[in-house]
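got a sequence here, can you model it:
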Amino acid sequence: MKLAIFTDTFDPDINGVARTLKRFTDYLSEQNISFKVFAPKSQSDDYVSSHIHRFKSLSFFLYPECRLAFPNLIQVKSELQDFAPDLIHVATPFNIGLCGAYYAKKLNIPLVGSYHTDFDHYLQFYNMEFLSKLLWRYMNWFHRPFKKIFVPSNETLEMLKRHGFTNLELWGRGVDCTLFHPDYDKKAVLKQYGIRKKYLLTYVGRLAPEKDVKTLLSIAKSIPAYINEQIQWFIVGDGPLREELENEAPENMMFTGYLKGEKLAEVYSASDVFVFPSPTETFGNVVLEALASGTPVVCANAGGVKNIIQDGVTGYLCQARDAQPFTDSLLRLLLHDQVRKQMGISGRKYAVTQKWDTIFEQLLWQYANAIAEPKQQKFA
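Numbering: from 1, shown residues only. The predicted structure follows:
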């Protein structure tokens, strides 16, 4: 099997799409499966590989980590004809995704896609709801030729069904439980950051409107003083709202910027609770990473995270965009050590069942089915 992947975001970009695709291509390399990635050049493009063709790009205003690239169509066609892939996988609906879909049809190559980002939900956070009908019209048109559309959660699958999408298949997410685990030295982590508070509450993600980080600030400010003086907040990530958040943040809130690898895993493990108010996730990789680290999660009862968290067992699902339920849930966990500990154990137990290899094996099986289906007649 030879695969061509077209995506408008890829490593070293820091977002769920880029990280998932990088993990997948690493798996393909391990399995000696030939692939070629067509992706934009990023601002910090230090990842070099013969498997990747990069294009000049500009940041997308709604989502700067996702780049608008300008592919050389003649060059793309030539590379595809030389590589002769058995299947094209389009991961994003922008310029490079359009390029991949076009050449799949032009060269009569089976085409599949994946749906990663709920852009429609994003619109309300940018006061652009008026574009919703136009967006869905485009998304339906864009995805119509795909033999299969892979979605990360049942919640997303049902949403797309309501909007008339067909050929939907579940492509879940896994977690590296050898990297993310509960056994890091918490005291060493706290000492490293100069923290002397009893409790560490953590958020990991992009600091942008669609993540509802304003609610995160409201939660931090609504915790009663007697417990708040024992709390340290860790805000891991970056984005357009960082400066504003830092200006408004309480004194016990520390902004670390992006962390990755073992540095990120240590923070998850040292945390008492992971707090994630975002209502726009199609999956929520960071939520699964927190569970793998033995850390209970308090998150919005919305989007794909609803399919990860078992309410009252591995964390709490709270009314989105309402600080009070989050605060109540946090207090319940912080004031009851045994409940918090048991939720951490349950979360870890669930996370170890979410294995990347199994998930990727299922995806390759779906690929094989798509390849085996009769090809459409090639057009001139």
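
what about residue 107, neighbour count?
14 (other C-beta atoms under 10 Å). Just so you know, the C-beta spots here come from the backbone N, C-alpha and C atoms, and that holds for glycine as well.

just give the nearest non-adjacent residue to it, would you?
Nearest residue to residue 107, sequence neighbours excluded (C-beta to C-beta, 6 or more residues apart in numbering): residue 80, at 6.1 Å.

hang on, that neighbour packs against residue 106?
No. In this structure, residue 80 is not within contact of residue 106 by C-beta atoms under 8 Å, at 9.1 Å.

more neighbours: which of those two?
Neighbour count, other C-beta under 10 Å: between residue 80 and residue 106, residue 80 has more, with 22 against 14.

secondary structure element for the more buried one?
helix 73-83 (DSSP states H and E).

average pLDDT across the helix or strand just after that helix?
Sequence-wise, the next helix or strand downstream of helix 73-83 (DSSP H and E) is strand 87-90. For strand 87-90, mean pLDDT is 98.

quick one: contacts of strand 87-90?
The contact list for strand 87-90, computed with C-beta atoms under 8 Å, 6 or more residues apart in numbering, reads 1-7, 97, 100-101, 103-104, 109-114, 146, 367, 370-371.

please convert the buried members of the residues you listed into PyMOL selection syntax.
Restricted to buried positions by 16 or more other C-beta atoms under 10 Å, the PyMOL selection for the contacts of strand 87-90 reads:
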select buried, resi 3+4+5+6+7+97+100+101+103+104+109+110+111+112+113+114+146+367+370+371
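
still on that earlier bit, so what's the residue nearest to residue 107 up against?
Applying C-beta under 8 Å, 6+ apart, the residues contacting residue 80 are 4, 103, 107, 109.

elements contacting the host helix or strand of residue 160?
Assigned by DSSP H and E, residue 160 belongs to helix 154-162. Counting contacts by 3 or more C-beta pairs under 8 Å, 6 or more residues apart in numbering; DSSP states H and E, helix 154-162 is packed against strand 148-151, strand 168-170.

out of these, nearest to residue 181?
Residue 181 lies closest to strand 168-170 among the helices and strands packed on helix 154-162, at 26.3 Å (C-beta to C-beta).

quick one: buried residues of that closest one?
Quick answer for strand 168-170 (16+ other C-beta under 10 Å): 168, 169.

next helix or strand past that strand?
Using DSSP H and E, the helix or strand that follows strand 168-170 in sequence is helix 186-192.

and that following helix, what does it pack against?
Helix 186-192 sits against helix 261-270, with contacts defined as 3+ C-beta pairs under 8 Å, 6+ apart.

10 Å - rerun?
Applying 3 or more C-beta pairs under 10 Å, 6 or more residues apart in numbering; DSSP states H and E, one finds that helix 186-192 contacts strand 199-204, helix 261-270.

can you put the ones you listed in TSV and add mean pLDDT, mean neighbour count and distance to residue 136?
TSV is the format used below for the helices and strands packed on helix 186-192 (pLDDT from 0 to 100; neighbours: other C-beta atoms under 10 Å; distance: least, C-beta to C-beta, whole Å):
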stretch	mean pLDDT	mean neighbour count	distance to residue 136
strand 199-204	98	23	30
helix 261-270	98	19	35
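
closest to residue 324 out of these?
strand 199-204 (16.2 Å).

that older thread, of the contacts of strand 87-90, which belong to helices?
Residues of the contacts of strand 87-90 located in helices (DSSP state H): 97, 100, 101, 103, 104, 367, 370, 371.

excluding chain neighbours, what is closest to the fourth one?
Translated: residue 103. Per C-beta to C-beta, 6+ apart, closest to residue 103 is residue 80, 5.6 Å.

distance check, that neighbour against residue 104.
To residue 104, residue 80 is 9 Å away according to C-beta to C-beta, to the nearest Å.

same check, this time on residue 84
Taken as C-beta to C-beta, the span from residue 84 to residue 104 is 13 Å.

residue 255: what secondary structure?
Following DSSP: H, G, I helix; E, B strand; the rest coil, we place residue 255 in the strand state.

just checking, it touches residue 248?
No. Under the criterion of C-beta atoms under 10 Å, residue 255 makes no contact with residue 248, lying 11.6 Å away.

neighbour count: the two, which is higher?
For the pair residue 255 and residue 248, the greater number of neighbours falls to residue 255 (17 against 13), based on other C-beta under 10 Å.
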